[in-house]
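**Q** Got a predicted model here, sequence first, then my questions.
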Amino acid sequence: MRRFRTQTIAAVSAAMLTMVAAQSGAVDGSSPLIDTIPVSAEIAKACSLTATPLEFGIYNPADTTAHYSSSTITIGCVKGVAPVVTIGGGSNAGTNGARNLKHETGTDLLSYELFKPSATVPGTACAKTENVVWGNDETTGFKPTSIALTGSIYYVCGKIDAGQSVSHGKYNDSVNVTMTF
């Protein structure tokens, strides 16, 4: 009986060693042993946004031609992100959505507009012929292309129409630039 127990224990031990070796990749005790390490990463949807001031400078109400200026927005996004950039109506927006610069100490308003550049690629400068208003929603917002991770520059084209009868002095407004992605 003792011999039977010893042989049974030896057979069970050998079977267990074979199972352990099979699970670790070595069936016959040879080397090298090989296994795999799963490796993964996830890239978050991410962008950056920086805007510069738009300064019209001195406006002469007696001029018969419009007054133009521009600003820049720098946008950086990870590959595959398609942002939409919107610009609000400003602190002095009219009831019809018109953008206005307000006299610093008075009540006069100097209307102006902000337009999208003629192309969606970085560096497209304002040509003073832009006519598509840069709006505050998905439909009227700007959809830039060719965005670099480190940032690409896009122009905001500003225009004050000629012949506005306003008081002398400084005029200001502030608009929010929002990017969704």
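**A** Done, it's in.
**Q** from what I can see residue 45 touches residue 81, true?
**A** Yes: in terms of C-beta atoms under 8 Å, residue 45 counts as a neighbour of residue 81; the distance is 5.6 Å. Any C-beta I mention is one placed from the backbone N, CA and C, and that applies to glycine too.
**Q** out of those two, which sits in the busier spot?
**A** Here residue 45 and residue 81 are set side by side on neighbour count (other C-beta atoms under 10 Å), and the busier one is residue 81, at 17 against 10.
**Q** mind checking how far the residue nearest to the more buried one when sequence neighbours are not counted is from residue 85?
**A** Among residues not flanking residue 81 along the chain, residue 181 sits closest, at 5.0 Å (C-beta to C-beta, 6 or more residues apart in numbering). Using C-beta to C-beta, to the nearest Å, one obtains 9 Å as the distance from residue 181 to residue 85.
**Q** Neighbour count: the two, which is higher?
**A** In terms of neighbours (other C-beta under 10 Å), residue 85 is the more surrounded of residue 181 and residue 85; the figures are 22 against 15.
**Q** Enumerate the beta-bridge partners assigned to the more buried one.
**A** residue 142, residue 179 (DSSP bridges).
**Q** Show the subsequent helix or strand relative to the helix or strand of the chain with the lowest mean pLDDT.
**A** Sorting the helices and strands of the chain by mean pLDDT, DSSP states H and E puts helix 2-24 at the bottom, at a mean of 47. Downstream of helix 2-24, the first helix or strand assigned by DSSP states H and E is strand 47-51.
**Q** model confidence over that following strand, on average?
**A** In this model, strand 47-51 has a mean pLDDT of 98.
**Q** Could you quantify the relative orientation of the next helix or strand after it and strand 47-51 as an angle?
**A** Per DSSP H and E, the first helix or strand lying C-terminal to strand 47-51 is strand 67-77. With axes from the mean of the first three to the mean of the last three C-alpha atoms, to 10 degrees as the criterion, the two stretches strand 67-77 and strand 47-51 enclose an angle of 160 degrees.
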